[in-house]
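Participant: Quick one, what's the 3D model for this:
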Amino acid sequence: MASGYADGNDAQSLRHAPVCKRSVERPPLEPAQALASVPTFARLAHSGDRKDLYRLTQALVEHFSARAPAPPAALGLDLDHADAPPHGPQAFAFSNHPYRSYGYVPLCMCEGTSHAVVTACLRPGTRPPGRENAMLLVRLLAVRRRHWPRPHILGRGDSHCATPAVCAGLAHRRGIDFLCGWAGNAGLLRPAAPIRQAARARYQQRTAHAQAQGERLPASSRGYEECAYAAASCSQPWRVLVQAEGMAAGDHPRFVGTSREAPTPQRVDAELYCARGHCENAIKAVQGDLQRDRPAATTFLANAMRLLLSCAAYLLHHALRTPTLAHPPLATAHPSTLILTLCTVAPQVKQYKDRMLLHLPPSWPVKALLGRVTALLSVVPVPALNTA
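Facilitator: Take a look at the predicted model:
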C-alpha cells in the first residue's frame, strides 16, 4: 500500500517480485518462495476483531510518542472528519448531508507541527456526536499524558468538534486548551454585526479608491473582534473570536471558539487556527495517494483495518521524508510523488550466491538520490520481531 498498490489483487503479481521477496529475506528468483496471495490478504483484513483494531489504533499512538527524541514544549492536536464513499452496499454506510455523499465519516487526528498522522478511527456515516469525539479525545490524551506529562496541548477542530462535551472535556483538564471553529447562529451574528458592517464599509472604500486610481481591486477587507458566548447546553461562556471579511460576493464571517485568553484575535486566526489546513493536507494524502477511500470489504471491521493500514503507510512515507529526504527536491513531496519517483522502478535483477544486484537505467534522473536513500536506510537498525 505504501508503494502505491492499493488493491489486494495486486498481490497476485507482487508475490513474485524479486525486490519484494528480498525485503522479507526470501530468495528473490525462486518461484517456490512466493509471497502472500490475494486470499491471504483478504483473510488478514477480515480476521481482525474489535480488540485487534483497538490495539492497532493504540500502536499508532504509541509510535508517534516513541519517534520523538524529547517531549515538546507544546503539542497541537488537529481533529478532522472526512468522507469515505463505499464500494457497493456496506454496513453502517449512511447518507451524510454536509458532505453530500453516502458512506462513512472517519475521524483523523494529526499533530499540528510535524503534520504526522497520530491515529484514525472509522465511524458510521452519521454526524459525529459530541460525546463520541470527547470519548476518543479522553483516551488519546490519556496515552499522551502517560508519555509526555508536561507539554501544553492545544486541540483544534472544525465545527463538527465544537460541541459542549468536547469543549468542556478539553478546557477542564490541566494543561489543555481547545480552538474550534463554530457555526454561525443568531446569538453569534448579533454581536458580530458592528465589525461586519465596518469590514464591509472598509472594503467599499478601498474598492472606490482603487477604481479612481486605476489600480487592481482589493480581494477583501478583514476586521477582528471578540465576545463571550455560551449556548444553552454549554457549561460556561467561552471566548469567541470573530473574523469579518468583506468581499465583492458579500460578507463572510468566521467564528472561532477557544479557552485561551491570549493572544489577540488576529494572531489566533492567522497563526493558530489557519494552521489546521496542514491536517487536511495529510488527510488528502492518506485518502488520495494511499487509497484510503476504498472501503470495499464486506464488513465494517475489515474496512476499519484498511483505514489503519493506510495511516501506517502514511507514517512510513512521513518517516522517510522527514529525516532521510530532509533536503530538496523531495523534502516536502506528497506520497504520490515519492511513489512515482522511488517506488515504481523497473530494474534488472541479477542474483548471485552472496548478493543481489539491481541494474538501473543509466539515464534515470534520480539514480543518485535512490543510492543515498538506500545507504541511509541500510544503517537503520531492524526492529525486533513482536510475537505477542
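
Participant: average pLDDT for stretch 148-165?
Facilitator: Across stretch 148-165, pLDDT averages out at 84.

Participant: same deal with stretch 83-101?
Facilitator: For stretch 83-101, mean pLDDT is 82.

Participant: Could you give me the buried positions within it?
Facilitator: Asp83, Ala84, Pro85, Pro86, Gln90, Phe92, Ala93, Asn96, Ser101 (16 or more other Cβ atoms under 10 Å). All C-beta atoms are positioned from the backbone trio N, CA, C, and that covers glycine.

Participant: cool, stretch 25-33 as well?
Facilitator: Using 16+ other Cβ under 10 Å as the test for burial, stretch 25-33 gives Pro28.

Participant: quick one on the thing from earlier: need the buried residues of stretch 83-101 in JSON lines (columns: distance to Pro347).
Facilitator: Converted to JSON lines, the buried residues of stretch 83-101 look like this (distance: Cβ to Cβ, whole Å):
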{"residue": "Asp83", "distance to Pro347": "39"}
{"residue": "Ala84", "distance to Pro347": "35"}
{"residue": "Pro85", "distance to Pro347": "37"}
{"residue": "Pro86", "distance to Pro347": "37"}
{"residue": "Gln90", "distance to Pro347": "39"}
{"residue": "Phe92", "distance to Pro347": "44"}
{"residue": "Ala93", "distance to Pro347": "42"}
{"residue": "Asn96", "distance to Pro347": "45"}
{"residue": "Ser101", "distance to Pro347": "41"}
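
Participant: What about these, which are in strands?
Facilitator: The strands in this structure, assigned by DSSP state E, contain Asn96, Ser101 from the buried residues of stretch 83-101.

Participant: Just name the closest of the buried residues of stretch 83-101 to Gln351, please.
Facilitator: Of all the buried residues of stretch 83-101, Gln351 sits closest to Ala84, with 41.6 Å by Cβ to Cβ.

Participant: Looking at the residue nearest to the closest one when sequence neighbours are not counted now. What's its pLDDT?
Facilitator: Leaving aside its sequence neighbours, Ala84 sits nearest to Tyr104 (Cβ to Cβ, 6 or more residues apart in numbering; 4.3 Å). Per-residue pLDDT puts Tyr104 at 88.

Participant: Show the contacting residues for Tyr104.
Facilitator: For Tyr104, the contact set (Cβ atoms under 8 Å, 6 or more residues apart in numbering) comprises Asp83, Ala84, Pro86, Gln90, Phe92, Ala93, Leu122, Arg123, Pro124, Gly125, Pro295, Asn303.

Participant: Now it: phi and psi?
Facilitator: Per-residue torsions, Tyr104: phi -100, psi 160 (degrees, to the nearest 10).

Participant: ok, back up a step: of all the buried residues of stretch 83-101, which comes closest to Gly257?
Facilitator: Checking the buried residues of stretch 83-101 against Gly257 with Cβ to Cβ, the nearest one is Asn96 at 23.4 Å.

Participant: That closest one pairs with what?
Facilitator: Beta-bridge partners recorded for Asn96 (DSSP bridges): Ser101.

Participant: ok, now how distant is it from Ala82?
Facilitator: Counting by Cβ to Cβ, to the nearest Å, the gap from Asn96 to Ala82 is 11 Å.

Participant: For the stretch 151-300 of the chain, which segments count as strands?
Facilitator: Ranges of strands in the stretch 151-300 of the chain, per DSSP state E, counting those that start in this stretch, are 152-157, 176-182, 221-229, 238-247, 250-258.

Participant: Reformat the ones you listed as CSV; add distance to Arg43.
Facilitator: Shown next, in CSV, are the strands of the stretch 151-300 of the chain (distance: least, Cβ to Cβ, whole Å):
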stretch, distance to Arg43
strand 152-157, 37
strand 176-182, 41
strand 221-229, 53
strand 238-247, 49
strand 250-258, 47
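
Participant: got a list of what Leu79 touches?
Facilitator: Applying Cβ under 8 Å, 6+ apart to Leu79 gives the contacts Leu107, Cys108, Met109, Asn133, Leu137, Gly155, Arg156, Gly157, Cys161, Cys279.

Participant: so who does the fifth one touch?
Facilitator: Yep, that's Leu137 we're talking about. Leu137 makes contact with Leu79, Gly155, Val166, Gly169, Leu170, according to Cβ under 8 Å, 6+ apart.

Participant: what number of residues lie near Gly76?
Facilitator: Residues near Gly76, counting by other Cβ atoms under 10 Å, number 22.

Participant: Buried ones among the contacts of Leu79?
Facilitator: Buried members of these, counted by 16+ other Cβ under 10 Å: Leu107, Cys108, Met109, Asn133, Leu137, Gly155, Arg156, Gly157, Cys161, Cys279.
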